[in-house]
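# test case, fold it:
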Amino acid sequence: MQNKPRSSRVTLREVALSADVSEVTASRALRNPELVSERLRDRVLAAARELAYVPNQLASALASARTGRVAIIVPSLTNGVFDDYLRAAYDIFTPAGFQVVILNSNYVPGFEERAIETALGQYPEAIVLAGIDQTARARRLLNQAGIPVVQTMEIADDPIDINIGLSHAEAGHAAARLLFGLGHFRVAHMASPLDSRARERVRGYLRAVQEFDAEPIVATDDSPSNVAIGGDLLVEILRREPATSAIFCGNDNLALGALFECQRRGVRVPEDMSIIGFNDLEFAKSAFPALSTIATPRYEMARQAAEIILEITRGSGKRPRKRRIDLGFEVIERASTRRIAGASK
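Residues are numbered from 1 along each chain as shown. Purely as a prediction, here's the structure:
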């Protein structure tokens with residue numbers, strides 16, 4: 001018969017009893033082994049291994065105000081936009097001895113608020129947020145936490161602490177201007193989901209529409225973005241405005257879905273339809289035709305956020321002089337966009 005699993009975790013007292021030492025000696029042997037003799041240290045470590053003891057790192061960390069944890073809150077764990085972003089965080093924090101704790105807000109402000117509350121309950125040394133549109137209560141929790149808070153992905157007028165990102169309104173404007181500048185007049189925009197960054201890109205698109213005296217054509221979906229939604233939104237756009245000749249897609253997943261739907265319908269890209277995406281995900285340049293897009297510096301955002309946090313928590317302890325850092329964006333023209341025949345340059 002198998003032994004029943006223990007109903008509670010092994011305590012330091014049990015380790016001390018097994019090693020026949022005091023709790024103080026057991027604690028020293030585990031946390032500061034240089035303070036005890038090799039013989040005692042070996043006895044305590046052997047007992048800890050035998051009992052599968054896991055030290056309560058949080059209790060000791062709280063005593064020194066250092067938990068070695070950094071919380072990162074993102075709106076999705078499946079969206080490829082955050083692959084480079086999270087990789088950068090691990091690249092910088094892990095060698096420095098930090099544990100990265102990731103929480104998912106699922107693009108819902110209320111979920112993010114609860115994620116922030118959960119994260120603060122773990123006593124992280126810093127929090128990194130993918131976004132700037134926190135609720136009033138979330139901002140209050142973060143302001144009162146007394147730890148570095150870095151808002152990333154977009155630029156804030158009133159950052160909580162440190163802000164690293166880009167203007168999505170300017171990026172959306174640049175994407176739409178590219179299409180209008182290629183001679184397209186019926187330029188549509190699709191977005192999913194309509195989070196704060198997507199709304200800013202819509203704003204940038206609408207500014208370009210006004211500048212070129214065109215009519216806005218916007219299709220949106222509140223669901224988390226995926227390739228299939230890009231196809232569905234293209235169907236909606238062509239049903240409403242069949243003369244559409246160019247589409248600015250709010251992200252590369254939507255752009256790929258629009259490209260696939262064009263191929264299903266026999267709509268040639270870029271001869272009949274120009275498509276530009278957003279983010280420059282890895283597959284964008286491998287699509288056929290390769291997708292034009294807006295490149296966003298996601299790795300660099302997270303890298304700089306991590307290095308600033310390390311400087312504050314393990315270095316000088318001072319906040320950077322520049323607390324609002326705009327990393328900009330880059331317009332990448334590939335084969336999915338082209339100038340309309342006869343349009344002037």
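
# residues contacting the closest residue to Asn226 other than its chain neighbours?
Leaving aside its chain neighbours, Asn226 sits nearest to Asn253 (5.7 Å; criterion: CB to CB, 6 or more residues apart in numbering). The way it works is simple: take the backbone N, C-alpha and C, and place the C-beta from them, glycine included. When the contact criterion is CB atoms under 8 Å, 6 or more residues apart in numbering, the partners of Asn253 are Asn79, Gly80, Ser225, Asn226, Val227, Ile229, Gly230, Leu281.

# so which of those residues are in strands?
Within the contacts of Asn253, no residue falls in strands by DSSP state E.

# looking at these, which has the most residues close by?
Sorting the contacts of Asn253 by how many neighbours each has (other CB atoms under 10 Å) puts Gly230 first, at 29 neighbours.

# for that residue, which non-adjacent residue is spatially closest?
Gly257 (2.2 Å).

# just say helix, strand or coil for that neighbour.
Under DSSP: H, G, I helix; E, B strand; the rest coil, Gly257 falls in the helix class.

# neighbours around it, how many?
When counting by other CB under 10 Å, one arrives at 24 neighbours for Gly257.

# surely Gln304 touches Gly165?
No: applying CB atoms under 8 Å, one finds Gln304 not in contact with Gly165, separated by 10.3 Å.

# may I see the buried residues of the helix or strand in which the residue nearest to Asn226 is found?
Element membership for Asn253 (DSSP states H and E) is helix 252-265. Under the neighbour-count criterion of 16 or more other CB atoms under 10 Å, helix 252-265 has Asp252, Asn253, Leu254, Ala255, Leu256, Gly257, Ala258, Leu259, Phe260, Glu261, Cys262 buried.

# is Ile247 located within a strand, as I assumed?
Yes: remark: Ile247 belongs to a strand, assigned using three-state DSSP.

# if we can go back for a sec, let me see the mean pLDDT of the helix holding Asn253.
Mean pLDDT, helix 252-265: 98.

# Serialize the buried residues of helix 252-265 to a markdown table and add fields for distance to Ala115.
Below are these laid out as a markdown table (distance: CB to CB, whole Å):
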| residue | distance to Ala115 |
| --- | --- |
| Asp252 | 26 |
| Asn253 | 23 |
| Leu254 | 26 |
| Ala255 | 29 |
| Leu256 | 29 |
| Gly257 | 29 |
| Ala258 | 32 |
| Leu259 | 34 |
| Phe260 | 34 |
| Glu261 | 35 |
| Cys262 | 38 |
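
# where along this protein do the strands fall?
Secondary structure of the chain (DSSP E): strands located at 69-74, 99-104, 126-130, 149-152, 162-165, 187-191, 217-220, 246-249, 274-276, 293-295, 324-326, 330-332.
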